[in-house]
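sequence below, structure please.
(chains A and B)
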Amino acid sequence: MTSIALLREEFRAPRGKFTPSYYRYLGLRDHLHTPQPILRAYGIEALFSRSGAHIHRQDLIVGCTRGASYAGPAEAVEHAKRFVASLGRREFWTNDSHFAPDYEYILTRGLPGLFADIEASRARHAADPRRLEMLTGMQIALGGFRRLISNYAAAAEGLIGLEDYDEERLSFISANCRALLNAAPATFAEGLQLVWLCHTAFMLEERGAMALGRMDQYLYPLYAADIAAGRLDDKRAVELLSNTFTKIPSSDVVNICIGGMDRDKKCRINGLSRCILRAVRACMSPGPNLSLRYTPDLPEDFFRECLESIGTGLGYPALMNDEINIAALSRMGYAEEDVYNYCMVGCIENFLPGQQPPWSDGRFDAPRFIDYVLNEGISAYNRSMGITRRPCEEIASMEEFMNLLCAELSQGAAEYCATFNAKCGGISQEALPEPFLSCFCKECIERGQDINNGGTKYPSAHGAVLMGVATMADSLAAIEKVVFGDRIATLPELRDALAANFEGYDALYAALLAAPKYGNNDDFADKYAVWFLDFLASEFDRYRTPDGGRFYVAMAANVQNIYAGQRIGATPDGRKVGEPLSDAASPTYGRDVRGATATLLSVSKPDYTKAACGTVINQKYSPSLFRGENLSKLSALVRTYFARGGQEIQMNATSRETLIDAMEHPEKYPTLVVRVSGFSEYYVRLAKEVQLDILSRTQHE
Amino acid sequence: MEANIANIQHFSVGDGAGIRTTVFFKGCNLRCPWCHNPEAIPAAPITLRYPEKSEICGRRMRDEEILADILEDAEFYAASGGGVTFSGGEVLLQAEAAARLARQLKALGISLWIDTAGCVPADAIDALLPLAEAWLFDYKSADELRLRDICGAELSRIEENLTRLLSAGADVHLRIPLIPGFNTGEGDLRAIGARLQRLGIRRAELLAFHRLGVSKYDALGLPYPYRDIPPQTPEELSRIRQVLEEYVQISIEP
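Predicted structure coming up:
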């Protein structure tokens, strides 16, 4: 694009800041006398229909939030924002975002079908005014969405003939949008356009982490029909998909899921799965968060293509073990006809599209509870209280220590669930209906009920994200070895050493560091990781969410382990005050020193069918592993790990940036290994000029 | 029953087919000044003093200990077509222990590759010949005097052993470490190529020079003459490749 053309496009773009509440307000203010579902639906209708439809010159599939910009008086913006906020809205903990719509239903029925289904439901519930209100709200919100689509068609038509705009593209856009107004999508492009406009609508509503889910399954019938009829080839499919994915903001986490087995246990990878993989790879952006549901019968060539994509530095797709996830969700009580259709929302959270309310989760900082056992229930550093009353001088065995720790964790889980339930159950579901989102759930329409108030087939699930599995396993292994095994120190001495952040306790500190660590295929430490998941999964399963759903556990803390660590004192594994807790479900960084196989043997030991929400194992490998002959070795590594019951692995190729950073900050990369034939050495031990040799090698590869 | 071991390394991907565990036997009879495993040259234990900590390299490990360590990764070998590589040091200086372990690996159906410099008694080769699936065989120079003076190696013995392996039908992967100033001049390369051709070698793998062992030399307090020698550039590698390809098929370690 020339700079003049760019300027022209910028000139035509809507001016001002993204201000959806302004448009929402325009709808609300005229209907303040109406019941909640209808009132909120008018807000949504105005937001969708009165904000503009902005089309980029390169668009093939349209839909962005720029149209909801507003450049009017600041007073108007402030008033609208204040008023909309005063009506209240849901937040993450109260089930507002992180949802996977039932796109299969949407695509099969199309807009006219949805209107017809709502109408039919009205007839069935004619005697129930509450349900009629909800259904009216759905009609109004969906009507706004219909206007959004026709606005895009009109905008495309209005641009035809303007210089710098391609008439063929604009006609394509207009035809796709017009078709959607009158019928269910009949082509792949129409289907994709409908899905993306739905997603655009969610972005206008300011929802985050909305998933696109199993695109390779619900769009497949349209794709296959187009391919068979010669209307589409894979090159065009990839073009349309990447044209769509580039519009995902890099700040969002939009999960797209490919593969997975059906009830017949067979892998569902198809031609469209490959197109999606290639389109995500072409975007090279973190926005489209691609997940692969791995099955043992996944074709090797497809798996290698996934590994190559990961090795580009993109890191996607994340690899999920389908057998484990299906077993985990089945344990949570989902019916067999539903469980095989799960996808992920956000980063890795397992979710049944359109069958449960939006997701929520929170963090459980498990290592905090060791402090209570050692200090008679009082944590000075964390300024908090546990239930232990026994002086640690009286704890005579590992078994006694574990009993006290279990009691602490049990109490911690109870407090966590009570807090969540008070917050989530404390809001009035009637006051915060979701007339638009509810349309993406077949049962909500059938029942005439809100997505958060009885409309869904299954109740809400909440993820308790367990942090610091390796900090816990390493700490307990160190206590068993150093205190109760080798008797190098007493428990009170350990307590004092932790309180002093190990200062003046050099010998004890060295002994704690030398104790077995999680991630080296040593059961002495690994057994505590197994216990950790077993025990806490069963504790959290004792509680139910306000609408009767389950508490799942996860081990996937994003970066929260860093902040949680800042509030937790020194731990017996040798972690100092304020240092991060171990990451996600991975071993403590730098302490798994026996190679990738030993690491994966360790982390496949816990029973992940108890982690229904999901886990994350982050692993960094040398870029040369993602190329040529080594790809089959990497493939065998991951396949073996999954065959042993691993749940997830997120691989990254060590990038040039990492190598450069490691030259500056060697302390952050103690286990970064450089390998050539017959040799390996820690990168950070190499002299600067030799590190540069490696850098240039990485560049050439 | 014990062996003198420098290190056991899991998930080795540069030492043969598939995912392998490399067992580095301690002790070598050559003194190549570029060696990247200098800690494995002396048979006796040796201390590496790194700035952050000291490590002792070398311990006598019982056969069962070595096997238990190797067997941890059995599923990975099976899935990848991998196994175990005995390297060093010079593994064939401990041929008896190596053969003892190799018999157990064979009984377990685990693939064994041998990585050797080849300057060993013929009976060491014979002991491992029926037990190893393949051989990584170093060929450093065709210059008898230089090889003797600089590495302390005997060309005739290396070539006899190579011939011995080839005539027994062993799967030999010949590898040439490219050492600047030692074997990368055109004359050196042509001599190597001609010699290999005469020995009946069809293809060879080039190992590009690297100086990654420098921190080990520092930790051992030993001088390292290659400290300031940079690795070959891609252009230099392709020049070397071109010369050698007149004689044998060439691949370069990735």
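
element containing the residue in the stretch 151-300 of chain A that chain B sits nearest to, please.
At 11.1 Å from chain B, A:Pro296 is the closest residue in the stretch 151-300 of chain A, using C-beta to the nearest C-beta. C-betas here are computed from N, CA, C, even on glycine. Secondary-structure element containing A:Pro296, defined by DSSP states H and E: none, the residue being outside all helices and strands.

how close does it get to A:Thr640?
Using C-beta to C-beta, to the nearest Å, one gets 11 Å for the distance from A:Pro296 to A:Thr640.

remind me, longest strand of chain B?
Scanning chain B for the longest strand, with DSSP state E as the assignment, gives strand B:2-12.

partner strands of it and their direction?
Sheet neighbours of strand B:2-12, with direction, are listed as strand B:20-25 (antiparallel), strand B:59-62 (antiparallel) (DSSP bridges).

want to try CSV for these, with distance to A:Gln429 and mean pLDDT as columns?
As requested, the strands paired with strand B:2-12 are exported to CSV (distance: least, C-beta to C-beta, whole Å; pLDDT from 0 to 100):
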stretch, distance to A:Gln429, mean pLDDT
strand B:20-25, 58, 98
strand B:59-62, 66, 98
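
now stretch A:53-61: buried residues?
By neighbour count, and taking 16 or more other C-beta atoms under 10 Å in any protein chain shown as the criterion, the buried residues in stretch A:53-61 are A:53-57, A:59-61.

inside helices: which ones of these?
Secondary structure of these is defined by DSSP state H; no position falls in helices.

and stretch A:575-591, does that touch chain B?
No. Using C-beta under 8 Å from any C-beta of the partner chain, stretch A:575-591 never reaches chain B; the gap is at least 12.0 Å.

residues of stretch A:570-578 that come out buried?
Of the residues in stretch A:570-578, those buried under the neighbour-count criterion (16+ other C-beta under 10 Å) are A:570-575, A:577.

cool, stretch B:163-182 as well?
By neighbour count, and taking 16+ other C-beta under 10 Å as the criterion, the buried residues in stretch B:163-182 are B:165-166, B:170, B:172-179, B:182.

then stretch A:485-494?
By 16+ other C-beta under 10 Å, the buried positions in stretch A:485-494 come out as A:488-489, A:491, A:494.

host element of B:Thr85?
Assignment of secondary structure by DSSP H and E places B:Thr85 within strand B:83-88.

of all the residues in the helix or strand harbouring A:Leu240, which ones are buried?
Counting by DSSP H and E, the element that carries A:Leu240 is helix A:234-245. For helix A:234-245, burial by neighbour count (16+ other C-beta under 10 Å) applies to A:236-245.

run through who's touching it.
Outside helix A:234-245, the residues within contact range by C-beta atoms under 8 Å, 6 or more residues apart in numbering or on different chains are A:58-61, A:188-189, A:192, A:196, A:223, A:227, A:256, A:271-272, A:274-276, A:278-280, A:282-283, A:285, A:287-288.

can you list contacts of the helix or strand where B:Glu205 lies?
Here B:Glu205 sits within strand B:203-207, counting by DSSP H and E. Contacting residues not belonging to strand B:203-207 are listed as A:676-677, B:139, B:173-178, B:196, B:237, B:240-241, B:244, B:248-253 [C-beta under 8 Å, 6+ apart].

who are the packing partners of the next helix or strand after it?
On the C-terminal side of strand B:203-207, the nearest following helix or strand under DSSP H and E is helix B:214-220. Taking 3 or more C-beta pairs under 8 Å, 6 or more residues apart in numbering or on different chains; DSSP states H and E as the contact definition, the neighbouring helices and strands of helix B:214-220 are strand B:46-49.

burial measure for A:Ser655, as a count.
As a burial measure, A:Ser655 scores 15 neighbours (other C-beta atoms under 10 Å in any protein chain shown).
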